[in-house]
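S.K.: Let's see this in three dimensions:
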Amino acid sequence: MIRDTSAQDRLVEVRPNRHRKLLLIGGGVAAVALLALAAPRVATMFSADSSVSASRLNFATVTRGPFVRDIAAEGKVVAAVSPTMYAASAGAVVLKVHAGDVVKKGQVLAVVTSPELTSKLAQEKSAADAMEVEYLRSQIEAKKKRSELQKAFDNASVDETTAERDLKRYQGAFSKGAVPEADVDKAKSTLDKAQITTKHAKTDLAMDNDSLTFDVQAKKLAHDRQVLMVKDLERQVDDLEVKSPVDGQVGQLFIAERATVAKDAQLLSVIDLSALEVEMKVPESFARDLAIGMPGEISGNGKQWDGKVSAVSPEVVNGEVSARLRFDGETPKQLRQSQRLSVRILLDRRDNVLTVQRGSFVDESAGRYAYVVNDGMADRRDIRVGASSIDKVEILDGLKEGDKIVVSGADTFGDAKHVAISR
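M.R.: Down below sits the predicted model:
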């Protein structure tokens, strides 16, 4: 007979474990609590149109405070006065200076040799001298002619007076019967002839005097015209010596030494270092806000200077507008032409303005909406933006201080109105 294991089995009494029971009850309560807390978030997650990782987004908080609109860019030093010298006449050029030389106003920079011009000046001077002699001779001849005419008039006047006296004498003698009547008539005829001669002499004197005056005046005008021509040629010859119009420094030389140039050819430039400005390029979107006289800051070489906008170009080139700033005060001595400096122009400053960091959301939505972040959700909200600066955007409506919004990366949201943001 085979034995079984029944004799080895023993009934064991199981006692209840209170500690384990308490652990199970506590775990159940905690799970219920977690589900209760996560229920709204889970419901929100299910209500979102899409989900985007927070690492792909940039956020900013709406703040209230001062708002400064400015333009910051790199500029280069340019001379406000930088005249270029030209050849007044064709010829060979002898340079008296080199590039970079410091020059004074009126200093000779170059000399143009023009034999044709100097020869023409000598010829015209000789012609002017000849005309002056002719003018002086005409004055002498006019005086001589006037003297002759005056003499003829005076003689005629004397003859007329003599004839009058003879007529009176003959009339007296005839009344006494001393002379015949024929002698009286002859004396009358002599007086009439003398009066006619005097009248014509007087007319000739007046007419010839006017003619002589006109002749002398014509020769004087011809001489004056020749003198003006000589002065103009002297000016042209004097301009063959190219002189500096300002105190400054020789800039660029456009020709080689003793080069033969045509008239009005560029020779060299002079930079007035006492009147330097800074030229910068401004984006077209900011150009409409620029105005002459706006304050600015110029910095470089570890220093900073105040400036003012002195000029704004009316032309847009490649989406940019050129503007110039002059130093507000004395021009720094250590600056050089084409040196690079940092420039900042203050367009506007206001206090207690609602602003947020500038980002791509302004361009993506044209400033019409933004995504406000709250409890892991980004909700689309209509907004209205105002002025923009380099780093901030003015908020006019739709947001309040403390709101957190997505400033960049929202292009991945598409047309979604509710987006879950995952960590």
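
S.K.: give me the element residue 195 is part of.
M.R.: Per DSSP states H and E, residue 195 falls inside helix 181-238.

S.K.: Need the mean per-residue confidence for the next helix or strand after that helix.
M.R.: Remark: after helix 181-238, the chain's next helix or strand is strand 241-243, criterion DSSP H and E. Strand 241-243 carries an average pLDDT of 92.

S.K.: Going by contacts, tell me the helices and strands next to strand 241-243.
M.R.: With contacts taken as 3 or more CB pairs under 8 Å, 6 or more residues apart in numbering; DSSP states H and E, strand 241-243 sits against strand 108-113. (Glycine included, C-beta is placed from N, CA and C.)

S.K.: Next, the buried residues of stretch 212-226.
M.R.: 212, 216, 219, 220, 223, 226 (16 or more other CB atoms under 10 Å).

S.K.: so what's the first one closest to, chain neighbours aside?
M.R.: Read that as residue 212. Spatial nearest neighbour of residue 212, chain neighbours left out: residue 142 (3.9 Å); criterion: CB to CB, 6 or more residues apart in numbering.

S.K.: same check, this time on the fourth one
M.R.: Nearest residue to residue 220 in three dimensions, chain neighbours excluded: residue 135, at 5.5 Å (CB to CB, 6+ apart).

S.K.: picking up where we left off before, if you compare the directions of the helix holding residue 195 and strand 108-113, what angle comes out?
M.R.: Relative orientation of helix 181-238 and strand 108-113, computed by axes from the mean of the first three to the mean of the last three CA atoms, to 10 degrees: 120 degrees.

S.K.: need the contact list for the residue nearest to residue 220.
M.R.: Contact analysis of residue 135 by CB atoms under 8 Å, 6 or more residues apart in numbering lists 216, 219, 220, 222, 223.

S.K.: Lowest pLDDT pick from these?
M.R.: residue 216 (80).

S.K.: quick one, what contacts the most centrally placed residue in the chain?
M.R.: Computing the C-alpha centroid of the chain and ranking residues by CA atoms, centre = their mean puts residue 311 first, at 5.1 Å. Residue 311 makes contacts with 277, 292, 323, 324, as judged by CB under 8 Å, 6+ apart.

S.K.: Nearest residue to the second one in space, please, no chain neighbours.
M.R.: So the one you mean is residue 292. Closest residue in space to residue 292, ignoring its immediate chain neighbours: residue 309 at 5.4 Å, by CB to CB, 6+ apart.

S.K.: Show me what the strand or helix carrying that neighbour pairs with in its sheet, parallel or antiparallel.
M.R.: Using DSSP H and E, residue 309 falls within strand 303-317. Here strand 303-317 has these sheet partners by DSSP bridges: strand 295-300 (antiparallel), strand 320-327 (antiparallel).
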